[in-house]
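Colleague: I would like to see how this sequence folds:
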Amino acid sequence: MISLKNHLIVLIVILTGSMLACSTHPEREFWSPYQDINWPEIGYYDSEFHTHPGLGDEQYDPHQTIDRYHEEGYRILVLAGHDYDIPDDHINSIYPWTGLSEVYEAIKYVQNPTEGNKTYEEMANEPFQDRDPVALGMVSVEGNEVSGPHHMVSLFNSLTTGGPTEAATLRNIEELGGIVYFAHPGRYVDRWGLTAYWYVDLYLRFDALIGQAVFNREDTHPLDRDFYDKIVHILGHERPVWLFGEDDMHRETTLGWNRDVILLENFRPGSMHPDIPDGSAPDVYIALRKGHSYLWKPSEQYNKRAFNISDVTVTATRVNLTIDDQSRVNEIRWMTHNPKTGTSEIIHYGYSISESNIPVYSGFVRAEIEGEEGTIYTQPFYLKEIN
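Modeller: Model prediction:
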């Protein structure tokens with residue numbers, strides 16, 4: 001039989017433990033990349049930054065690639081040639097679109113050593129044709145897929161060839177004023193044994209590095225979401241990292257599997273090439289840096305967006321999502337990283353989440369908004385301690 005004294009000791013231990021638990025739970029508030037967006041004025045513009053324009057073993061020529069993405073409703077596009085397919089003695093990139101016929105004339109008799117020394121004329125379906133992004137209602141962005149040696153999608157710059165190390169490549173991109181994200185990281189985690197801390201080191205050293213792919217094609221590397229969440233968890237709000245989906249399109253079978261939705265006001269077609277009006281191209285650059293985007297991942301190839309986020313309300317203690325057509329949403333999951341298991345986990349369901357719903361070990365959440373036609377993947381909502 002437990003004495004009154006022992007009862008008191010137990011009660012003191014319980015109360016002390018509770019007080020310690022409360023004292024170790026930090027006061028936190030949300031920080032969101034979406035909080036400065038003027039939602040009533042926002043338009044939604046599908047983009048593809050990792051698509052291959054017929055310089056190697058690919059189905060479509062550059063103008064055909066543009067035409068297909070235009071047909072599928074994309075408004076922002078990069079013709080991201082592999083750096084090893086680009087004859088850099090003749091061209092730096094497949095850009096501008098209004099000069100594709102000149103690109104063809106410059107390289108048609110050049111041999112590509114990565115394709116058995118076939119000439120670009122032999123690999124082409126037909127001579128390249130010019131396209132005008134303004135006439136098509138699109139924004140064209142210069143870029144390449146550089147082997148750094150880790151493949152990276154390099155944007156808003158003319159870098160043709162990656163350096164001997166990732167750091168050297170990233171330094172070159174920064175010097176050119178570009179931005180860049182890691183392509184299909186799962187490939188290098190599997191092949192080279194790269195760790196999250198290898199990526200974290202480069203994020204901390206290079207401001208031009210804005211994020212990484214969580215979907216490649218239909219889903220080449222299913223663990224890329226968990227891996228992304230782990231990196232976001234390690235870095236925290238002081239170094240935000242954005243998620244991307246990428247078609248990595250070589251053939252029709254890999255086209256239309258991902259739509260990075262850029263959130264812009266007053267969209268105007270154009271390009272940052274001096275011969276073409278800028279339009280919204282500079283705004284695309286800013287949106288990518290700030291995380292003003294989300295990913296639409298279709299459940300079937302070519303599925304266009306069935307619903308959009310029409311508002312994100314963020315207070316210190318709560319995030320609330322508004323969807324323009326809730327009838328097409330089946331479930332909203334809030335995801336985070338669990339450092340104990342090393343994997344992503346669902347911690348909440350519904351249109352809103354409170355700081356109190358989020359475990360102490362978690363420094364961020366992101367939403368997955370799923371419907372029959374596809375799923376929206378938001379950028380992370382970070383939690384930061386209140387001083």
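Colleague: can we go C-alpha only for contacts and neighbour counts from here?
Modeller: Fine.
Colleague: what about the residue lying closest to Leu100 once chain neighbours are set aside, how many neighbours?
Modeller: Nearest residue to Leu100 in three dimensions, chain neighbours excluded: Asp130, at 4.9 Å (CA to CA, 6 or more residues apart in numbering). Around Asp130 there are 16 other residues, counting by other CA atoms under 10 Å.
Colleague: For Asp130, grab phi and psi.
Modeller: phi -70, psi 150 (degrees, to the nearest 10).
Colleague: so who does it touch?
Modeller: Taking CA atoms under 8 Å, 6 or more residues apart in numbering, we find Asp130 in contact with 63, 97-101.
Colleague: What ranges does the stretch 51-200 of the chain have for its strands?
Modeller: 76-78, 81-82, 111-112, 118-119, 139-141, 143-147, 151-155, 179-182 (DSSP state E, counting those that start in this stretch).
Colleague: Select, out of those strands, the one closest to Ser47.
Modeller: strand 76-78 (4.4 Å; CA to CA).
Colleague: low-scoring pLDDT stretches of the stretch 1-150 of the chain, where are they?
Modeller: Across the stretch 1-150 of the chain, the ranges flagged by pLDDT under 70 are 1-25.
Colleague: Try it again at 90.
Modeller: For the stretch 1-150 of the chain, the stretches with pLDDT under 90 are 1-26, 57.
Colleague: what helix or strand is the residue minimising distance to the centre of the chain on?
Modeller: Central residue of the chain (CA atoms, centre = their mean): Phe244, 1.9 Å from the mean position. Assigned by DSSP states H and E, Phe244 falls within strand 242-246.
Colleague: The strands of the stretch 51-200 of the chain: which one's closest to Trp31?
Modeller: strand 179-182 (22.1 Å).
Colleague: That closest one - what's its average pLDDT?
Modeller: With pLDDT averaged residue by residue, strand 179-182 scores 98.
Colleague: and that strand, what other elements does it pack with?
Modeller: strand 151-155, helix 166-175, strand 209-216 (3 or more CA pairs under 8 Å, 6 or more residues apart in numbering; DSSP states H and E).
Colleague: Most tightly packed of the ones you listed?
Modeller: For the helices and strands packed on strand 179-182, the largest average neighbour count (mean count of other CA atoms under 10 Å) is found in strand 151-155, namely a mean of 26.
Colleague: got the contact list for it?
Modeller: Strand 151-155 is touched from outside by 49-50, 78, 80, 141-146, 173, 178-184, with contacts defined as CA under 8 Å, 6+ apart.
Colleague: Pairing-wise in the sheet, spell out the partners of the residue nearest to the centre of the chain.
Modeller: For Phe244, the beta-bridge partners are Ala213 (DSSP bridges).
Colleague: Quick one: residues contacting it.
Modeller: Counting by CA under 8 Å, 6+ apart, Phe244 has contacts 211-215, 260, 294-295.
Colleague: picking up where we left off before, output the strand holding Phe244 as CSV, nothing but the C-alphas.
Modeller: C-alpha atoms of strand 242-246 as CSV (Å, rounded to 0.1, in the frame of the first residue of the first chain):
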residue,chain,number,x,y,z
TRP,A,242,12.0,25.0,-52.8
LEU,A,243,10.6,21.8,-54.4
PHE,A,244,10.2,21.2,-58.1
GLY,A,245,8.7,18.6,-60.5
GLU,A,246,10.4,18.0,-63.8
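Colleague: Given the next helix or strand after it, what are its sheet partners and their directions?
Modeller: Downstream of strand 242-246, the next assigned helix or strand under DSSP H and E is strand 259-265. Sheet pairing of strand 259-265 (DSSP bridges) gives strand 42-48 (antiparallel), strand 293-298 (antiparallel).
Colleague: Can I get strand 259-265 in PDB, CA atoms only?
Modeller: C-alpha atoms of strand 259-265 as PDB (Å, rounded to 0.1, in the frame of the first residue of the first chain):
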ATOM      1  CA  ARG A 259       3.700  21.400 -63.800                       C
ATOM      2  CA  ASP A 260       5.500  23.900 -61.600                       C
ATOM      3  CA  VAL A 261       2.800  26.500 -61.200                       C
ATOM      4  CA  ILE A 262       4.300  30.000 -61.000                       C
ATOM      5  CA  LEU A 263       2.200  32.600 -59.200                       C
ATOM      6  CA  LEU A 264       2.400  36.000 -61.000                       C
ATOM      7  CA  GLU A 265       0.500  39.200 -61.300                       C
END
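Colleague: any idea of the angle it forms with strand 242-246?
Modeller: In terms of direction (axes from the mean of the first three to the mean of the last three CA atoms, to 10 degrees), strand 259-265 departs from strand 242-246 by 130 degrees.
Colleague: what sits up against strand 259-265?
Modeller: Outside strand 259-265, the residues touching it (CA under 8 Å, 6+ apart) are 41-48, 74, 244-246, 283-284, 287-288, 292-297.
Colleague: Swap in 6 Å and give it another go.
Modeller: Here strand 259-265 makes contact (CA atoms under 6 Å, 6 or more residues apart in numbering) with 41-47, 292-296.
Colleague: Highest neighbour count among the residues you listed?
Modeller: Ranking these using other CA under 10 Å puts Trp296 first, with 29 neighbours.
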